[in-house]
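**Student:** using only what follows, build the 3D model:
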Amino acid sequence: MPVVTTPAGPVDLLESGRGLPLLVLHGTPGGSDQGMAAATVLGLTRTARVLAPSRPGYLGTPLSTGRTPSEQADAIVDVLDLLEVDSAVVLGASGGGMAAVALAAQHPTRVRGLVLWSAVTGPMRIQAGPLLHGPLAWQSTGGAMVRLARRFPRLLVGSASRDARSVEAALAIAETVFPIGPRRDGLRNDSRQARSFDPGLAARITAPTLIVHGTKDRNVAYDQATRAARSIPHAELVTVRGANHWTTMADQVAQDALRRFLATVTGAEPHDG
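**Tutor:** Residues are numbered from 1 along each chain as shown. Down below sits the predicted model:
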């Protein structure tokens, strides 16, 4: 994957599409591949210029590029400067919500709109142990788990959804969790940063904000979303009833809300995706 050089350090980056710059900050664990997978599931690569960096500690971006969400936000601004992007819509998914919130709070002129999707926005414990120290840390086991999930999708979607669209969306993201090896430093760091993440940053956000979260999310609790919605001025909360951490991206109501939000931010008419 291409790596760009910034003042903060190397950043692994994928880019696709044309139009509105849309920066996707992946979850925990993940990488630029996960950011691009999420953008594809949401249909964003057809209508936007998707920028998907690997956050520090993931794939080709070393942890030295930025350990804290604040440092990661500064590194992301360096990427935008390098690409000559004045401002972008920022989508923070899961653990990427921390850097997304920090970016919007610290660099308001660079964030045209903010989307927090099943995102970490306040202190919490990320259960990283099984992925760092258990069998899932082995490359062969991780691949086998994805193959098993493809055969038995309820391992991912549970009872939240059985339709093929939700299953394919969940698998697209799950396939970018493994192998853990090149994502280990980022996973360990995200777990450390989440324990003390400052929830007060949310109140400093001035960008238009859309929050999407499922009520049965066991990875990032739904109350992370409700607290963020109360803290961020004029934020819109879209609650996906019965959805878990893996199934919200395939939800049509959530996708429609995202399309309307992007149209509002750009001043364009919403269109069918």
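**Student:** and Glu71, what does it touch?
**Tutor:** Contact partners of Glu71, counting by CB atoms under 8 Å, 6 or more residues apart in numbering, are 8, 56, 65. All C-beta spots, glycine's among them, are computed from the backbone N, C-alpha and C.
**Student:** same deal with Pro29?
**Tutor:** Pro29 touches 58, 95, 131, 177, 180, 183-184, 186-187, 190, counting by CB under 8 Å, 6+ apart.
**Student:** I'd like the residues you listed as JSON lines, with neighbour count, pLDDT and secondary structure appended.
**Tutor:** Supplementary listing: those in JSON lines, determined by neighbours: other CB atoms under 10 Å; pLDDT from 0 to 100; DSSP: H, G, I helix; E, B strand; the rest coil:
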{"residue": "Tyr58", "neighbour count": "28", "pLDDT": "98", "secondary structure": "strand"}
{"residue": "Gly95", "neighbour count": "31", "pLDDT": "98", "secondary structure": "helix"}
{"residue": "Leu131", "neighbour count": "22", "pLDDT": "74", "secondary structure": "helix"}
{"residue": "Val177", "neighbour count": "22", "pLDDT": "90", "secondary structure": "coil"}
{"residue": "Ile180", "neighbour count": "19", "pLDDT": "89", "secondary structure": "coil"}
{"residue": "Arg183", "neighbour count": "26", "pLDDT": "94", "secondary structure": "helix"}
{"residue": "Arg184", "neighbour count": "17", "pLDDT": "93", "secondary structure": "helix"}
{"residue": "Gly186", "neighbour count": "25", "pLDDT": "97", "secondary structure": "helix"}
{"residue": "Leu187", "neighbour count": "22", "pLDDT": "96", "secondary structure": "helix"}
{"residue": "Asp190", "neighbour count": "29", "pLDDT": "98", "secondary structure": "helix"}
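**Student:** tabulate those (a markdown table), appending distance to Val89.
**Tutor:** Formatted as a markdown table, the entries for the contacts of Pro29 read as follows, by distance: CB to CB, whole Å:
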| residue | distance to Val89 |
| --- | --- |
| Tyr58 | 21 |
| Gly95 | 19 |
| Leu131 | 30 |
| Val177 | 25 |
| Ile180 | 30 |
| Arg183 | 25 |
| Arg184 | 30 |
| Gly186 | 23 |
| Leu187 | 26 |
| Asp190 | 22 |
